[in-house]
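Asker: need a 3D model of the following:
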Amino acid sequence: MNVRTLPTAWGITVVRVMAGIIIFWSGVEKFLAGGFANWTVAMANRGFPVPEFWGVFIPLLETVGGLLLLFGLGARWVAIFYVVEYFGTGLVLKTHPFGGFDNMRIDLMLMATALAIVLVGPGAFALESLVLRRGQTPVAEPVPSS
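Answerer: The predicted structure is shown next:
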């Protein structure tokens, strides 16, 4: 059976775009729920060191970084920050008593997604790929034989 598939860059593109939407909207929700001041109080209540820093950094990272991820601009660099963020929130913050597995599974999935982007790049239709390819000769991906 000869099944034709898309290049693998398309798979990571779907993952990158969806993660960008989810993370961007998470940042927007932080602004809608009171912005930096409320998020700083939330970080302080959870015992984070230097809550004034995290109260500004996390909403900005999620909003601006989510857009960068969505459009594929600096995606690998932004994804490194998300690996760290979701490791911290998924494995440290959201474990007992903050809900356990049910509460941390989205963070773990986003951490895995960010790690995949760090390892393989942003995929097809990433702005950084389109900009970097300008002026280069395109290289065809080999077609698998069956």
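Asker: rest of the way, CA atoms for contacts and neighbours
Answerer: Will do.
Asker: show me where this structure has its helices.
Answerer: Taking DSSP state H as the criterion, the chain carries its helices at 8-32, 35-45, 51-71, 75-87, 101-120, 127-133.
Asker: mind showing which ranges of this protein have poor pLDDT?
Answerer: Scanning the chain for pLDDT under 70 picks out the ranges 1, 92, 95-101, 133-146.
Asker: and if we set it to 90?
Answerer: Applying pLDDT under 90 to the chain picks out residues 1-11, 30-31, 33-36, 38-40, 42-51, 54-55, 58, 85-108, 123-146.
Asker: mean neighbour count and distance to Lys94 for the helices of the chain - can I get that in CSV?
Answerer: Converted to CSV, the helices of the chain look like this (neighbours: other CA atoms under 10 Å; distance: least, CA to CA, whole Å):
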stretch, mean neighbour count, distance to Lys94
helix 8-32, 18, 16
helix 35-45, 17, 13
helix 51-71, 21, 16
helix 75-87, 20, 10
helix 101-120, 18, 5
helix 127-133, 14, 33
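Asker: nearest to Asn2, of those helices?
Answerer: Distance to Asn2, taken as CA to CA, is lowest for helix 8-32 among these, at 17.1 Å.
Asker: elements contacting the closest one?
Answerer: Judged by 3 or more CA pairs under 8 Å, 6 or more residues apart in numbering; DSSP states H and E, helix 8-32 is in contact with helix 51-71, helix 101-120.
Asker: of all these, which lies closest to Thr40?
Answerer: helix 51-71 (3.8 Å).
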